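Engineer: structure of the sequence below:
(chains A and B)
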Protein chains: 2
Amino acid sequence: MKNHLTPLGPKADKATVRRHNLSLVLRAVHDAGEATRAGVATHVGLTRAAVSSLVEQLLEYGFVTEWGKTSSGQVGRPGTVLKVARTGPAGLGVEINIDYVAVCVVDLAGTDRVRLVEHVDNRGVPPSQVLAHAARLAARAIGSAAEQDLLPAGVHLALPGLVTGGTVRQAPNLGWQRVAVEGLFAQALLALRPAHRALPVSSDNEANAAALAELWFGAGTEGVRSFLYLTGEIGVGGALVLRGELLRGAHGFAGEIGHMVLEPDGPLCRCGARGCLEQYAGQAALLRAAGIDADSGVRGVTDLGRRARRGEPAALAAIEQAGRRLGLVVSGAVNLFDPDAVMLGGAYRELMEWLAPAVERELALRVVSGLWTEDGKRLRAASPLGDAARGAAGVIVREVLEDPAAYAERVGE
Amino acid sequence: MKNHLTPLGPKADKATVRRHNLSLVLRAVHDAGEATRAGVATHVGLTRAAVSSLVEQLLEYGFVTEWGKTSSGQVGRPGTVLKVARTGPAGLGVEINIDYVAVCVVDLAGTDRVRLVEHVDNRGVPPSQVLAHAARLAARAIGSAAEQDLLPAGVHLALPGLVTGGTVRQAPNLGWQRVAVEGLFAQALLALRPAHRALPVSSDNEANAAALAELWFGAGTEGVRSFLYLTGEIGVGGALVLRGELLRGAHGFAGEIGHMVLEPDGPLCRCGARGCLEQYAGQAALLRAAGIDADSGVRGVTDLGRRARRGEPAALAAIEQAGRRLGLVVSGAVNLFDPDAVMLGGAYRELMEWLAPAVERELALRVVSGLWTEDGKRLRAASPLGDAARGAAGVIVREVLEDPAAYAERVGE
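Structural biologist: Numbers count the residues shown, from 1 in each chain, chains lettered A, B, ... in the order given. Here you go, the predicted model:
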């Protein structure tokens, strides 16, 4: 979300201005956590009267609630504190990954209110079946959300592949090519909830969603605005956040760090090229190097962590090797981008303790600015709050914050 | 330059608004090439009367001139065409590179009005001496500019290294460490022109300046808004332009593509690491591989081109090898960034004919989105207009366009 906390120019018509200002006020309350009408007015540069009128509408729509000092019965008086509502509008995120499906409902304040995860091997399963499974999980989450008076404004899908225009163009690790995920998912969800209005469905790459989660709910809240995000799943996903915005690239395909080359004549990758990072530092490669079943997924990673903790040489050597390779590619990316930080998520987060020293050695050696030597903290584990399902739900929440009137109109129909 | 062609919000004071709108109108005329007052008013969303008043001031300051239909004597009537002035404000760019110094004066319309280049080996020469030499060249350019009624608003230095806060932190190929280039240059220039007011001096990396030249005067003018720029000099410089803006990175060090690693245990690089791209595809490495004196600089590159044109196997093999290596790194960068295009500048531009096929082979094989297979045009030679000295001069011109009042005040003192 761009932080355009400035009133519109003089050319916009009145209804547009009001719509825009409604979002302005809602986001001001959201970003502050709690705020008075006077505080909001100062922050957004509108008059106290204009803010009061906008707040009335937000209260009526149910986007904000009043807190404190209400026992005196003087609701609406200057000191009353506004917060975003914990009921009503919500975001629904669905992450479809190689070996699990996760769904998450996030409220307007960014709190994780429903979370369901199912471990399942999606490789070789027809896409329609995987999406139908995800839709069942989503329907259950919508039900749990309704019990908490939350009504998702839409669904955002996060998938491990190149995603544009509602279609997974390519997801090598799932074996998908040109799958119209939004349409298939919407259809499956509607079949499960025939009596309900269809929810708008959008989609993106899972590393992008995880990076947005990190921005909105994790390191971003501590002021880290530019970072490279790597997620060690079966593949190696990547995303770049620059000054608080996700870099999508000219065609929506930015962030494919897993296919940066380490050895031009190395092992064949699912992408068709040879020697990609994924073949050395992906979860399967890592497990194989440690003598663990390469297909054992999340359980395998936990096992690897256990072995490393016990000091098993094969486990430590496998992680150190992957870390070195990761460090070679990450230092190249840091030389290109000069980010504030590099976040390691997914399987890497669990193995951080043994992985980080190897990555940091390469960073210290290879980052030209030398800045990465002076402050080891630039390499960090991704926040546990920063998963793709939650980021995907956050995308929907941001849409509501950007245009609350649109949600109110849709729900009011 | 951000293209903020919108009037300011209601909170700004009157003087600030006028100052901002003065720039708005000047940039509208600049971007259009020529424009009527009415056209400008429509474009920027101000009243015709406000625009006329602002134009009067710009005419008075000498930033714009009136053209056409003036033979009738009705200066200022509706149809009169406005253009930016070809005299008055200008930018002065100075590129200090390993084996040459170039200076360039650009007028407000972006035309290259003075250009001086001197080939000289700057390696091992004390920085103060190199900067004094550059100042002498700059003083000569200022003299030639004055003969054309052009008065530079400032000097921007472009240097092959990590540059921040007026200091070259590190320029391995020059052998410089922590050189306060702005101060040294300003001092040297003032010593040459004691009777004149000191010009403001700023500085940046040369690849950044070259990429900005490409954006402002080259491919950017044809709608290429996101690109990776590589310049083959003795080192390999790089810069990234994303949606019309140079990516500077969190600490100002983005774009160091020359130090992305190809072989972790490869030859030692000047940066202290091993196996950097520069060691395989830098100008010296390229010349050495072709059996040409690695220190022969620009002449060596011309010689290499001549040999390739004659079909000499050693020359062709050297370029093909460098191209493959370049392709490996560039495809990684494309996977990360997903730019519209990749531009090859400097020595690469001269060798494009033989270099491009090798680079394109790797791009076709390794870019995950596959988009780079479908359209070979994404790899292009940098524009001959896109050199660093010109880009540096452009930086100063943009500053004038962003705040013409500041220039007028300074000159009027």
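
Engineer: nearest residue to the closest residue to chain B within the stretch 251-400 of chain A in space, please, no chain neighbours.
Structural biologist: Nearest to chain B, among the residues of the stretch 251-400 of chain A, is A:D338, at 2.5 Å (CB to the nearest CB). Heads up, the C-betas are built off the backbone N, CA and C, glycines and all. Counting by CB to CB, 6 or more residues apart in numbering or on different chains, B:G249 is the residue found nearest to A:D338 once chain neighbours are left out, at 2.5 Å.

Engineer: what's around that neighbour, how many residues?
Structural biologist: 22 (other CB atoms under 10 Å in any protein chain shown).

Engineer: which phi and psi does the residue in the stretch 101-250 of chain A positioned nearest to chain B have?
Structural biologist: Closest to chain B within the stretch 101-250 of chain A is A:G249: 2.5 Å, counting by CB to the nearest CB. Recorded main-chain torsions at A:G249 are phi 90, psi 170, according to degrees, to the nearest 10.

Engineer: which stretches in the stretch 201-350 of chain A count as strands?
Structural biologist: A:201-205, A:227-232, A:236-242, A:245-246, A:341-346 (DSSP state E, counting those that start in this stretch).

Engineer: possible to save those strands as JSON lines with mean pLDDT, distance to B:R306 and mean neighbour count?
Structural biologist: Below are the strands of the stretch 201-350 of chain A laid out as JSON lines (pLDDT from 0 to 100; distance: least, CB to CB, whole Å; neighbours: other CB atoms under 10 Å in any protein chain shown):
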{"stretch": "strand A:201-205", "mean pLDDT": "96", "distance to B:R306": "47", "mean neighbour count": "22"}
{"stretch": "strand A:227-232", "mean pLDDT": "93", "distance to B:R306": "43", "mean neighbour count": "28"}
{"stretch": "strand A:236-242", "mean pLDDT": "93", "distance to B:R306": "42", "mean neighbour count": "28"}
{"stretch": "strand A:245-246", "mean pLDDT": "94", "distance to B:R306": "47", "mean neighbour count": "18"}
{"stretch": "strand A:341-346", "mean pLDDT": "93", "distance to B:R306": "45", "mean neighbour count": "26"}
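
Engineer: any idea which of the ones you listed gets closest to B:E353?
Structural biologist: Shortest distance between B:E353 and the strands of the stretch 201-350 of chain A, using CB to CB, is found for strand A:236-242: 33.4 Å.

Engineer: okay, angle between that closest one and strand B:236-242 too, please.
Structural biologist: When axes from the mean of the first three to the mean of the last three CA atoms, to 10 degrees is applied, the directions of strand A:236-242 and strand B:236-242 differ by 70 degrees.

Engineer: partner strands of strand A:236-242 and their direction?
Structural biologist: strand A:227-232 (antiparallel), strand A:245-246 (antiparallel) (DSSP bridges).

Engineer: what is the orientation angle of that strand with strand A:341-346?
Structural biologist: Going by the same axes, to 10 degrees, strand A:236-242 makes 150 degrees with strand A:341-346.

Engineer: for the strands of the stretch 201-350 of chain A, which one sits closest to B:A109?
Structural biologist: Comparing these under CB to CB, the one sitting nearest is strand A:236-242, at 31.8 Å.

Engineer: sorry, back to before: surely the residue of the stretch 101-250 of chain A closest to chain B meets B:P339?
Structural biologist: Yes - at 7.0 Å, A:G249 counts as touching B:P339 under the criterion of CB atoms under 8 Å.

Engineer: identify the contacts common to the two.
Structural biologist: Both A:G249 and B:P339 are contacted by B:S226, under the criterion CB atoms under 8 Å, 6 or more residues apart in numbering or on different chains.

Engineer: what's the end-to-end length of stretch A:241-253?
Structural biologist: Stretch A:241-253 has an end-to-end distance of 14 Å (criterion: CA to CA, to the nearest Å).

Engineer: could you pull up the mean pLDDT of the longest helix seen in chain A?
Structural biologist: Longest helix of chain A, by residue count under DSSP state H: helix A:313-337. Mean pLDDT, helix A:313-337: 96.
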